[in-house]
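Trainee: No letters, just coordinates:
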Ligand code: NAP
Ligand code: GLV
């Protein structure tokens, strides 16, 4: 019988047990703190932000499935065993959710919706006339599972798409690829609406700052749905205030939740969502975990294993 040690400290987490029972009939699903003893036999952890040191207390864990695509919530634990495989979420539900959110927010920035909402609150009849989508340059920072899903959702609208990644990608119709630090500035200089979809690593931390954001065209806007560590927020605010950038949608922050008294909440050019761009969906995620446990037990390589050297 497969044993799942589940850790999630969020309201509504009860939906996970039936999803696992449907995907893995007969599963022994244990919700923390009822994980039992490490002597109970082999198990797989499925976790989001587990308490520090918890995973190391259970040497019977064969692999940890991250409840999200990001793994910073696991690798922040100094006691996480160095040789334990970490499997990152990459189910279809996560990709669909991110594609929906990015499509919505790119359209909002393209169609000046944040400015319309500000004008509405001031009872101002302010008519703004957006360019055609084919003249709007959208740049996706990070062209992995989620970046690709977003590009697929945006393509039918005819945006001018580009993507930036660490390693080169094969040529593709309708998307211009930029690779590595050498091509980062060129990518920024051609991007009107930037979508941040990078993992949090030492290389991506602070990548968007006064110097780099200033390379973007005047009136460019930023959507950050990867991790908050990407952006120096003081620099972002300064560029919004001096009119170089026109707006930002921020879903992720270096410190979450964002403090209730943080002035970012009230900034007219910033839209904030509470890390909900794409929430892991129980049905597709449980199937993903079940499929990968089968692979592990058949001696095969599971999908999307964290490369600790790269950090994603
Ligand atoms: P992924 O498949 O691993 O893709 C990551 C992409 O980032 C890859 O294209 C990778 O380049 C690129 N990259 C990483 N480090 C880089 C660097 N130093 N320079 C240039 N490119 C770099 O990950 P994913 O599944 O798409 O997820 C991306 C991130 O989204 C997650 O790590 C997580 O933080 C975030 N996320 C947020 C939410 C939310 O609700 N806000 C939901 C899910 C995920 P290569 O292709 O060359 O490897
Ligand atoms: C959410 O932030 C995720 O990493 O899936």
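Mentor: Sure, I can see it. None of the values given here were measured: they were computed from a predicted structure. Ligands and ions are numbered 1, 2, ... in the order given.
Trainee: Could you tell me the end-to-end distance of stretch 124-140?
Mentor: One end of stretch 124-140 sits 33 Å from the other (C-alpha to C-alpha, to the nearest Å).
Trainee: Could you list the contact residues of the chain toward ligand 1?
Mentor: Counting by C-beta under 6 Å from any ligand atom, the positions of the chain adjacent to ligand 1 are 68-70, 90, 94, 98, 142-147, 165-167, 197-201, 203-204, 225-227, 251-252, 275, 277-278, 312. Glycine gets a C-beta too; all of them are placed from N, C-alpha and C.
Trainee: Take the residues you listed and keep only those in strands.
Mentor: residue 165 (DSSP state E).
Trainee: what sits against residue 150?
Mentor: The contact partners of residue 150, by C-beta atoms under 8 Å, 6 or more residues apart in numbering, come to 98-99, 102-103, 140, 195, 197.
Trainee: can I see the domain layout of this structure?
Mentor: Domain assignment for the chain by automatic domain parsing gives 3-90+280-297, 93-272.
Trainee: May I see those arranged in JSON lines, with distance to residue 306 as well?
Mentor: Shown next, in JSON lines, are these (distance: least, C-beta to C-beta, whole Å):
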{"stretch": "domain 3-90+280-297", "distance to residue 306": "4"}
{"stretch": "domain 93-272", "distance to residue 306": "10"}
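Trainee: With mean pLDDT added, can I get those in CSV?
Mentor: Output for the domains of the chain, formatted as CSV (pLDDT from 0 to 100):
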stretch, mean pLDDT
domain 3-90+280-297, 98
domain 93-272, 98
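Trainee: and stretch 132-150, which residues are buried?
Mentor: Buried positions in stretch 132-150, judged by neighbour count with 16 or more other C-beta atoms under 10 Å: 133, 136-150.
Trainee: is ligand 2 contacted by that stretch?
Mentor: No - judged by C-beta under 6 Å from any ligand atom, stretch 132-150 and ligand 2 are separated, with a smallest distance of 8.5 Å.
Trainee: Compute the first-to-last residue distance for that stretch.
Mentor: Stretch 132-150: ends 19 Å apart by C-alpha to C-alpha.
Trainee: what do you get for stretch 20-30?
Mentor: 11 Å.
Trainee: wait, what's in contact with the closest residue to ligand 1 within the stretch 101-250 of the chain?
Mentor: Using C-beta to the nearest ligand atom, the closest approach of the stretch 101-250 of the chain to ligand 1 is made by residue 144 at 1.7 Å. Residue 144 makes contact with 165, 197, 312 under the criterion C-beta under 8 Å, 6+ apart.
Trainee: ok, the last one - contacts?
Mentor: So that's residue 312. Residue 312 neighbours (C-beta under 8 Å, 6+ apart): 71, 88, 144, 199, 201, 306.
Trainee: Geometric centre of the chain: which residue is closest?
Mentor: For the chain, the residue sitting closest to the mean C-alpha position, by C-alpha atoms, centre = their mean, is residue 226 at 3.7 Å.
Trainee: Go through the buried residues of stretch 132-150 and name the one nearest ligand 2.
Mentor: Looking across those and measuring by C-beta to the nearest ligand atom, the closest to ligand 2 is residue 146, at 8.5 Å.
Trainee: what's the spatially closest residue to that closest one that is not a sequence neighbour in contact with, if anything?
Mentor: Spatial nearest neighbour of residue 146, excluding adjacent residues (C-beta to C-beta, 6 or more residues apart in numbering): residue 98 at 4.5 Å. Taking C-beta under 8 Å, 6+ apart as the contact definition, residue 98 lies against 146, 149-150, 197, 225, 277-278.
Trainee: how about 10 Å then?
Mentor: By C-beta atoms under 10 Å, 6 or more residues apart in numbering, residue 98 lies in contact with 69, 145-147, 149-150, 153, 195, 197, 225-226, 251, 277-279.
Trainee: Same check on residue 252?
Mentor: Here residue 252 is in contact with 70, 196, 200, 224-231, 258, 273-277 (criterion: C-beta under 10 Å, 6+ apart).
Trainee: Give the closest residue to it in space, chain neighbours not counted.
Mentor: residue 228 (4.4 Å).
Trainee: My guess is that neighbour contacts residue 253. True?
Mentor: Yes - Residue 228 lies in contact with residue 253 (C-beta atoms under 10 Å); the separation is 3.9 Å.
Trainee: intersection of neighbour lists for these two?
Mentor: residue 275.
Trainee: Going along the chain, name the helices of the stretch 51-200 of the chain.
Mentor: For the stretch 51-200 of the chain, helices defined by DSSP state H, counting those that start in this stretch occupy the ranges 72-75, 92-110, 113-121, 145-154, 184-189.
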